[in-house]
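Chemist: starting from these lines, generate the structure:
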Amino acid sequence: RPIYFALTVSSGNFVGLKEYCRMDGMAMKIIPFKNVGISESRLRKSLLEVFKFRGLNDPSIYYDEQSKGLLQNYRTLFTQLAYRYYATGKKDKVPEVLDKMEEIIPSSIISWSNIDFDIQVGKMYADCGRTEELRKRLDLHSEDKNIDFNRLYDYGALYHGILQDNQKAIEMMKRVIEMKPDLSKAFSLLIFLYDREKMYRKEFELINKWLIVNPNDKGARTKLEELKKMIAEQDSTVK
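Modeler: Coordinates of the predicted model:
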């Protein structure tokens with residue numbers, strides 16, 4: 001008879017058999033092969049045909065925090081399947097799986113317990129051409145009043161790197177520097193963004209602020225001299 005471990009079993013309780021386990025759904029089946037990970041066909045069938053997700057998209061039903069936590073396990077299954085498609089070049093199937101996950105377990109009703117996973121989902125969407133899904137998530141989570149500066153920095157980098165939205169990235173970096181005035185990578189990225197957007201006066205002011213704390217930065221002083229010329233040229237063009 002087949003032997004299974006529940007998906008919720010901790011890693012320490014697999015008695016050395018973890019690499020022989022295959023995820024078929026909410027259970028891990030022991031098989032005679034190593035590192036198979038998941039069965040796409042079995043997991044897909046479980047999620048889209050077998051499992052009965054009743055009432056999870058009904059806003060009138062109350063779910064306590066423990067119930068919401070347990071439901072994250074089903075989200076994990078959807079994201080594992082989506083990532084397998086993504087990693088094996090089947091990108092056309094990724095949005096289908098993620099859309100189905102959101103339809104069955106809407107984040108507006110069952111919120112994500114781990115925001116980073118939600119952002120990863122947005123990045124998968126974006127890499128499959130649905131950049132609006134990443135933007136929606138970044139816009140939502142960046143408004144969290146308790147967000148820490150490292151996460152906010154990462155969001156700014158995503159606005160710039162993936163969404164090509166330098167203005168939004170600038171907004172994020174300015175907030176980061178307000179929270180953490182000595183974070184050099186935030187200064188560096190903001191200087192770069194100002195330069196890309198030809199916001200030379202803003203860049204000049206920012207580097208001056210940096211030099212107050214780092215007066216021996218020769219590279220920054222050289223950049224100031226370059227900016228003086230750029231600002232002069234910019235002003236003459238405007239006139």
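Chemist: please make it C-alpha for all contacts and neighbour counts, starting now.
Modeler: OK.
Chemist: CA atoms only for the longest helix seen in the chain, dumped as PDB, please.
Modeler: The helix that spans the most residues within the chain, counting by DSSP state H, is helix 65-87. Output in PDB follows, covering the C-alpha atoms of helix 65-87 (Å, rounded to 0.1, in the frame of the first residue of the first chain):
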ATOM      1  CA  GLU A  65      -6.900  33.700  12.100                       C
ATOM      2  CA  GLN A  66      -6.300  30.000  12.600                       C
ATOM      3  CA  SER A  67      -8.500  29.000   9.700                       C
ATOM      4  CA  LYS A  68      -6.900  31.600   7.500                       C
ATOM      5  CA  GLY A  69      -3.500  30.200   8.500                       C
ATOM      6  CA  LEU A  70      -4.500  26.700   7.500                       C
ATOM      7  CA  LEU A  71      -5.900  27.900   4.200                       C
ATOM      8  CA  GLN A  72      -2.400  29.200   3.200                       C
ATOM      9  CA  ASN A  73      -1.500  25.500   2.700                       C
ATOM     10  CA  TYR A  74      -3.800  25.400  -0.300                       C
ATOM     11  CA  ARG A  75      -2.300  28.600  -1.600                       C
ATOM     12  CA  THR A  76       1.100  26.900  -1.300                       C
ATOM     13  CA  LEU A  77      -0.100  24.100  -3.600                       C
ATOM     14  CA  PHE A  78      -1.300  26.500  -6.300                       C
ATOM     15  CA  THR A  79       2.000  28.500  -6.100                       C
ATOM     16  CA  GLN A  80       4.100  25.300  -6.200                       C
ATOM     17  CA  LEU A  81       2.200  24.200  -9.400                       C
ATOM     18  CA  ALA A  82       2.600  27.700 -10.900                       C
ATOM     19  CA  TYR A  83       6.300  27.800 -10.100                       C
ATOM     20  CA  ARG A  84       6.800  24.400 -11.600                       C
ATOM     21  CA  TYR A  85       5.200  25.500 -14.900                       C
ATOM     22  CA  TYR A  86       7.300  28.700 -14.700                       C
ATOM     23  CA  ALA A  87      10.600  26.900 -14.100                       C
END
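Chemist: and the very next helix or strand once past it, what other elements does it pack with?
Modeler: Moving toward the C-terminus from helix 65-87, the next helix or strand (DSSP states H and E) is helix 94-104. For helix 94-104, the packing partners by 3 or more C-alpha pairs under 8 Å, 6 or more residues apart in numbering; DSSP states H and E come out as helix 65-87, helix 115-127.
Chemist: would you list those in TSV and tack on mean neighbour count, mean pLDDT and distance to residue 204?
Modeler: Listed next are those as TSV, based on neighbours: other C-alpha atoms under 10 Å; pLDDT from 0 to 100; distance: least, C-alpha to C-alpha, whole Å:
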stretch	mean neighbour count	mean pLDDT	distance to residue 204
helix 65-87	17	93	43
helix 115-127	18	96	33
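Chemist: and the ones you listed as JSON lines, adding distance to residue 202?
Modeler: Formatted as JSON lines, the helices and strands packed on helix 94-104 follow (distance: least, C-alpha to C-alpha, whole Å):
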{"stretch": "helix 65-87", "distance to residue 202": "40"}
{"stretch": "helix 115-127", "distance to residue 202": "30"}
